[in-house]
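Undergrad: output the structure for:
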Amino acid sequence: MLQFEINESPSVEAELKRQREENRQLKMERDILNLFKKSDALLCKKKRVRHQFINENEKI
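TA: The predicted model follows:
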């Protein structure tokens, strides 16, 4: 296993801080997109069920 010595200079620390913040932001955006994806799938499913129910009732 390779181990690297990290230079703890202020510029390296600042870059790590910036990348961690960007990573946190990207994770939040991913979670929001996943929620939209799930809610959209649920709404489509409800719409299909409702549409199917209406079509079945029209036959009567």
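Undergrad: which stretches in this protein count as helices?
TA: All helices of the chain, identified by DSSP state H, fall at 10-58.
Undergrad: tell me where the model's unsure across the protein.
TA: Residue ranges of the chain with pLDDT under 70: 1-8, 49-60.
Undergrad: so who does residue 41 touch?
TA: Listed by C-beta atoms under 8 Å, 6 or more residues apart in numbering, residue 41 has no contact partners. Where C-beta positions appear, they are placed from N, C-alpha and C, glycine not excepted.
Undergrad: gap between it and residue 33?
TA: 13 Å (C-beta to C-beta, to the nearest Å).
Undergrad: what touches both of these two?
TA: Between them, residue 41 and residue 33 share no contacting residue, judged by C-beta under 8 Å, 6+ apart.
Undergrad: tell me which residues touch residue 23, please.
TA: Counting by C-beta under 8 Å, 6+ apart, residue 23 touches no other residue.
Undergrad: mind checking how far it is from residue 29?
TA: 11 Å.
Undergrad: now swap in residue 48 and tell me
TA: Distance from residue 48 to residue 29, by C-beta to C-beta: 29 Å.
Undergrad: now do residue 39
TA: 16 Å.
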